[in-house]
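Colleague: Pasting the sequence and the predicted coordinates here, then a few questions.
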Amino acid sequence: MALRNKEIAVIGAGVVGLSTAISLQEEFPLATITVFADKFNDETLSSGAGGIFRPEINVYHDEERVKTWCKDSLSHFLDILKSSESSEAGIQLLSGYHLSSIFSDFKNDLVQELVPQWRLANAKELQLFPLPFKGGQFYTTPVIDCKYYLPWMKSKFERSGGKTVRQHISNLEEIPDNYSIIVNCAGLGAKDLLQDGMLTPVRGQTIVVKAPWIKNFYYADTVYIIPGKDYVTLGGIKDYGRWSMEIDLYQKQYIWDKCTQLLPSLKNAEILYDWVGLRPFRPSVRVDTSFVKLGDNYRLIVNNYGHGSHGVALSWGTAQDVKRMIRKIAMKENFTVSKL
């Protein structure tokens, strides 16, 4: 079975797609890698993400694999933070609180294990807030502003010889035959592309405000407040199975009321705009490979989608997993991808 592997196609230019394209570019510098997408930068779902590194263990059945994804992502973000490109990439190291009005002792074990600083909030800290909280966590973690991070990645990819094609891919056979490896990072688009009935939208809605005095992030029960580089995102909506892209005025008021109750100073913030996006939720993130016959040829299909609300946190980690799987298969199948 002859597989031409000098060219690799990546479908999708969100945070997962671009991370995957760059990872493959670094691993196979003599291969031609092309990103096919109908949306780039601010047009993508990723552009509206809060971008905080706050992973969950229950995104996949293999906990060790999830930990590897998270460790790889965190290491990548921390490396950028140490470099001169952290500002251009939109990555900050921020501290903040995760608060609960229900539980006095609640934890995210994965966050506790991985992030640079973590501790339980003490009673005096909880009293600083106007709302009654029973428990909380305080930790320091990277926050990735995708309005900067996505253009930074796209530019880095293109400077290193990567190609981008604006095209909606509705069928894998639309990828030209010279691409013997197709990496599917289509997010929610994979539902129709692969007829994946396990994939469903989780609608999110946010209010983006100008509030430069907000220097910490906050999670409190059902809402969050996350500073970007030059704006603050207020959110917390998770509508499972809802496809509407219209602003829900009830939800907007709910977000505003809850966030301003938590931080009353937000009442003085300038509202910049509202945002709606559909997260690609799947009971288990899909990162796998298979050989599929498309037309007259078999091609290697690699899936990397279904990250839900954890796309940013898992993006570099699952991209590294894709890289490792392709490298392993390439060695076994004697592919023609060149590696320096």
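Modeller: Thanks, I have the structure now.
Colleague: For the stretch 51-200 of the chain, give me the ranges with low pLDDT.
Modeller: The stretch 51-200 of the chain contains no residues with pLDDT under 70.
Colleague: what about 80?
Modeller: The stretch 51-200 of the chain contains residues with pLDDT under 80 at 106.
Colleague: Can you list the buried residues in the longest strand seen in the chain?
Modeller: Longest strand in the chain by number of residues (criterion: DSSP state E): strand 270-294. Using 16 or more other Cβ atoms under 10 Å as the test for burial, strand 270-294 gives 274-282, 285-287, 289, 294. C-beta coordinates here come from the backbone N, C-alpha and C atoms, glycine included.
Colleague: can you give me the end-to-end distance of stretch 115-125?
Modeller: This stretch, stretch 115-125, spans 20 Å end to end (Cα to Cα, to the nearest Å).
Colleague: circling back to that earlier point, Throw the buried residues of strand 270-294 into TSV and include distance to Asn304, thanks.
Modeller: Shown next, in TSV, are the buried residues of strand 270-294 (distance: Cβ to Cβ, whole Å):
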residue	distance to Asn304
Asp274	30
Trp275	24
Val276	24
Gly277	19
Leu278	18
Arg279	15
Pro280	11
Phe281	15
Arg282	12
Val285	8
Arg286	7
Val287	5
Thr289	10
Leu294	18
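Colleague: Pick out whichever of the residues you listed sits closest to Ile33.
Modeller: Distance to Ile33 across those (Cβ to Cβ) is lowest for Thr289, with 16.8 Å.
Colleague: Give me the pLDDT for the closest one.
Modeller: Per-residue confidence (pLDDT) for Thr289: 97.
Colleague: One more: the one 3 residues further on?
Modeller: Confidence at Val292, expressed as pLDDT, is 95.
Colleague: Run through the bridge partners of it.
Modeller: Assessed by DSSP bridges, Val292 has beta-bridge partners Arg299.
Colleague: Quick check, it in contact with Val302.
Modeller: No: counting by Cβ atoms under 8 Å, no contact exists between Val292 and Val302, whose distance comes to 10.6 Å.
Colleague: where along the stretch 1-150 of the chain do the helices fall?
Modeller: In the stretch 1-150 of the chain, the helices defined using DSSP state H, counting those that start in this stretch lie at 15-27, 63-82, 86-89, 109-114, 123-126, 146-159.
Colleague: which non-adjacent residue is nearest Gly51?
Modeller: Ile144 (4.0 Å; Cβ to Cβ, 6 or more residues apart in numbering).
Colleague: ok, that neighbour - how many residues close by?
Modeller: Ile144: 26 surrounding residues under other Cβ atoms under 10 Å.
Colleague: how far away is it from Ile11?
Modeller: Ile144 is 22 Å from Ile11, where distance means Cβ to Cβ, to the nearest Å.
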